[in-house]
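In: Sequence first, predicted model second:
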Amino acid sequence: GGRKWSMASLRENLDNVVEERVNSFAEELAGIALGGGAGQANHPLPPLYIGRDYASEEAFSDYIDVSLAAGFDYSVLPLYDDAHGRQWLGTCPPGVDAAKEAGNRFLHVSTWSNSVVGRVQCSFDFTEPHVSEVAGEVPAGSVEELLRLAGEEGKPTLKEQALWACHLSLPAILFPPPPMADTRLLTLYSQKVNNILQVNSMSNIWIEVPVAEPTPSPSASASTPVPAAASPPAPAVPAASPAPPDAALPPPIPVPRKDNPTWNSWNVLRCLCDRSNHVFVALVLTEDLPPESDLYIWVSEPVRALIIPQRLFLTNEFGFPVLPTAHQKFVIKMFELNVQIIVRGKTPETRVEHDPYQHYLRYLQRREVHISSQDAFEQPYYDYLQSPLQPLMDNLESQTYETFEKDPIKYKRYEEAVHLALTDRKDRETVTVMVVGAGRGPLVKCSLRASVSSGVPIKVYAVEKNPNAVITLHHMSRVCGWGDHVTIVSSDMRAWEAPTKADILVSELLGSFSDNELSPECLDGAQRFLAEDGISIPYKYTSYVAPISAHKVWNDVRAFKDRKNFETSYVCRLRNFRELAESTECFEFSHPNPIGDPSKINNTRYRRMTFVSKHNADIHGFVGYFDAMLYKDVYISIRPSNFSTGMFSWFPLYFPITNPLGARVGSTIEVSVWRCVSSTKVWYEWNIGVNGVSFSPIHNPGGRSNSIGLFV
């Protein structure tokens, strides 16, 4: 809710969680790396919150009690309802003993903020086809009347109901679906929502959006009944849409339909509300699902809840409700994104201890959602923005080293690469291995193990500039008995004068975008002490780029409220996002550098990449990946198409743009990236264009907002 954390305390909490999970993850993967089974770590599922939105004649307090008893976590209740003499939510209806009602639990603020979502009342369905069929002039006041929540004289407006929800400290307000057939109505609707955002500081707004265009409601006879033997509630009987007000409506202005009108309407509303981070989607599952390209676009949108009408459930052979296969698949995806569920329908005539619909949904989550050790480790980092490391300017902390050292997949691949390289040098009496950027020694250990397994004697030089890590290296040498096999050098590899040439140069200087931690500059500087026939591990690495839609992380960047943060790249385990096209190659670096002379090497780069969008979406920037060839065919990768399963040392790099750009299926997306180098720093500049007509500005010109320093 409204709790605010300082960055320091948030980071401390995150580090504590990660420390606990990384140990568990590393232990399980270490077993895999040593030839053991995959293991079945029992990681708890994320909580699944299910709400109840049933048509009912119960008193508010009874409704909440019944919901909790039936296994629901919260209730969806109308903010204003005049049926059966009721008034504002939380007030006593006429004729009820006020003294009796005043003591009920449902009036407590803690109940409002934890157990209730408010639903605004509106007697007009903007999504019905009749909206687009009405023409004529707009009489004075008819639009305001149309947008009144009850549509009748004396009933509260949308704004009045929203303010009441804020007064009650409700966490969210559920709004009716926006207009889809008329941009004028959609603009008016959005203006009302936008005004509420200015006065409501407590409650988030959930906008109902169907996954497919509304179709006529099926009759009650078409509903699938659930046998009484299973003790379920009766199937939903959808309420008929109220008749429109007598006042004439504005003439229709068709919304351009690009395959997905429901998403288009949401996107227009979101833009008109300035992409507020207080406006979310309450997605309504429909009987007919759209094509998968339209359906799964919602994984990158701010979907807070998925509404499932009871009429969508089928009845299995045991008499219990189940969802059709295609609906199940989408619901499972929403589970994985921690989206809440709301079951909408009719209250059963008799109370049940456990509602069969929510019981089935919880069973479905337990059956289909599995939290692997890697998932458990990564969860605290989902859509969490981090600044990339600057190992040349900063000396890393012991905790950072320790986290990376627990990655058994990365070091297993490095050990394989060193083993193969040593095998190719078997004709030599002793092979000189130089580990540059040795840290606390994991690559030294890999090299020594590879020496034993290959039977090739080695002499290791461990070069490290961080004086604190050097202390640890000396301790490691004494404890592990490295003796004369390892010489520890406290120096920047670019300045060190090596006493001999290296047969094998081993490093792990890669960043999430391959070169963003200055591996090219470091290895070019160290190349002078590599023998002419020497081997560099890695010998090549490549960065990749893909345009993405990622509303969540983009809004997090915008929350900083300055240009600098939009001109900064972020390490981020992206979760709530979607690639709009397959990633493609950006920059490539090879070692040893064929130019040879460091004074003539130029690591500036420019690449312009063209993509064809596979989806309708807003572009919020692009994501960067990398893969690296260590030796021969041994590689490591964070690119999705060839990801090194189980490796957790790197998350992707997110490059935001200041203002999202709209793309449609088939749109041409152009991404330009510059890698710029000066005598003191390296920085990236970037921009995105769509169809050659809309462009973002070039971000971070001259490295004005973000750069990577070449020196301490």
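Out: Thanks, I have it. The structure presented is a predicted model; accordingly, all values stated were derived computationally and were not measured.

In: The residue nearest to residue 637 when sequence neighbours are not counted: which element?
Out: The shortest distance from residue 637 to any non-neighbouring residue, by CB to CB, 6 or more residues apart in numbering, is to residue 627 (3.6 Å). Backbone N, C-alpha and C define where each C-beta goes, glycine included. Using DSSP states H and E, residue 627 sits within strand 617-631.

In: Tell me the first helix or strand C-terminal of that strand.
Out: Of the helices and strands lying after strand 617-631 in sequence (DSSP H and E), the nearest is strand 634-637.

In: List the strands paired with that next one, with their directions.
Out: Each strand that pairs with strand 634-637, with its direction, by DSSP bridges: strand 617-631 (antiparallel).

In: Alpha carbons of the strand it pairs with, in CSV - could you do that?
Out: In CSV, the C-alpha atoms belonging to strand 617-631 read as follows (Å, rounded to 0.1, in the frame of the first residue of the first chain):
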residue,chain,number,x,y,z
ALA,A,617,2.4,-2.6,-28.3
ASP,A,618,4.1,0.5,-26.9
ILE,A,619,7.9,0.4,-27.2
HIS,A,620,9.5,1.3,-23.9
GLY,A,621,13.1,0.8,-25.0
PHE,A,622,15.2,-2.2,-25.8
VAL,A,623,16.9,-5.0,-23.9
GLY,A,624,20.5,-6.1,-24.2
TYR,A,625,21.9,-9.6,-23.9
PHE,A,626,25.3,-11.2,-24.7
ASP,A,627,26.9,-14.5,-25.4
ALA,A,628,30.6,-15.4,-25.1
MET,A,629,32.7,-18.1,-26.8
LEU,A,630,35.2,-19.2,-24.1
TYR,A,631,37.3,-21.7,-26.1
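
In: Can you tell me the SS state at the residue in the chain sticking out farthest from the centre?
Out: What lies farthest from the middle of the chain is residue 429; by CA atoms, centre = their mean that is 52.6 Å. Judged by DSSP: H, G, I helix; E, B strand; the rest coil, the three-state class of residue 429 is coil.

In: dump the residue contacts of the closest residue to it other than its chain neighbours.
Out: Excluding the flanking residues, the one nearest residue 429 by CB to CB, 6+ apart is residue 457, at 7.1 Å. Going by CB atoms under 8 Å, 6 or more residues apart in numbering, residue 457 touches 429, 430, 431, 451.

In: ok now the helix or strand hosting residue 113, how far from the chain's centre?
Out: Taking DSSP H and E as the criterion, residue 113 maps to helix 109-115. Distance of helix 109-115 from the chain centroid (CA atoms, centre = their mean, to the nearest Å) equals 28 Å.

In: Just list what the helix or strand that comes right after that helix packs against, helices and strands only.
Out: Heading C-terminal from helix 109-115, the first helix or strand you meet, by DSSP H and E, is strand 116-119. If contacts are counted by 3 or more CB pairs under 8 Å, 6 or more residues apart in numbering; DSSP states H and E, strand 116-119 sits against strand 74-78, helix 158-167, strand 172-175.

In: try 7 Å
Out: strand 74-78, strand 172-175 (3 or more CB pairs under 7 Å, 6 or more residues apart in numbering; DSSP states H and E).

In: From the contact counts, what lies against the longest one?
Out: What it means is strand 74-78. For strand 74-78, the elements it packs on are strand 50-55, helix 60-69, strand 116-119, judged by 3+ CB pairs under 7 Å, 6+ apart.

In: Now the ones you listed in CSV, please, with extra columns for mean neighbour count.
Out: Rendered in CSV, the data for these read as follows (neighbours: other CB atoms under 10 Å):
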stretch, mean neighbour count
strand 50-55, 22
helix 60-69, 19
strand 116-119, 26
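
In: Residue 209 belongs to a strand?
Out: Yes - when three-state DSSP is applied, residue 209 is found to be in a strand.

In: Any stretches of the stretch 601-712 of the chain with poor pLDDT?
Out: Applying pLDDT under 70 to the stretch 601-712 of the chain picks out residues 712.

In: Residue 523 and residue 653, how far apart?
Out: To residue 653, residue 523 is 20 Å away according to CB to CB, to the nearest Å.

In: for residue 545, same thing?
Out: Going from residue 545 to residue 653 by CB to CB gives 10 Å.

In: intersection of neighbour lists for the two?
Out: With contacts taken as CB atoms under 7 Å, 6 or more residues apart in numbering, residue 545 and residue 653 have residue 624 as neighbours in common.

In: Buried ones in stretch 636-647, by neighbour count?
Out: Residues of stretch 636-647 classed as buried by neighbour count (16 or more other CB atoms under 10 Å): 636, 637, 638, 639, 644, 646, 647.

In: Just the CA coordinates for stretch 60-78, please, in CSV.
Out: What follows is stretch 60-78 as a C-alpha-only set of coordinates in CSV (Å, rounded to 0.1, in the frame of the first residue of the first chain):
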residue,chain,number,x,y,z
PHE,A,60,-22.2,-5.8,3.4
SER,A,61,-20.9,-7.3,6.6
ASP,A,62,-22.5,-10.7,5.9
TYR,A,63,-21.1,-10.6,2.3
ILE,A,64,-17.5,-10.1,3.6
ASP,A,65,-18.0,-12.9,6.2
VAL,A,66,-19.3,-15.3,3.6
SER,A,67,-16.5,-14.5,1.2
LEU,A,68,-13.8,-15.1,3.9
ALA,A,69,-15.5,-18.3,5.0
ALA,A,70,-15.7,-19.6,1.4
GLY,A,71,-11.9,-19.2,1.0
PHE,A,72,-11.7,-15.8,-0.8
ASP,A,73,-9.2,-13.2,0.3
TYR,A,74,-11.3,-10.1,-0.4
SER,A,75,-14.6,-8.9,-1.7
VAL,A,76,-15.6,-6.6,-4.5
LEU,A,77,-18.4,-4.4,-3.3
PRO,A,78,-20.4,-1.5,-4.9
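
In: neighbours of the closest residue to residue 575 other than its chain neighbours, just the number please.
Out: Nearest residue to residue 575 in three dimensions, chain neighbours excluded: residue 382, at 4.0 Å (CB to CB, 6+ apart). By other CB atoms under 10 Å, 17 other residues sit near residue 382.
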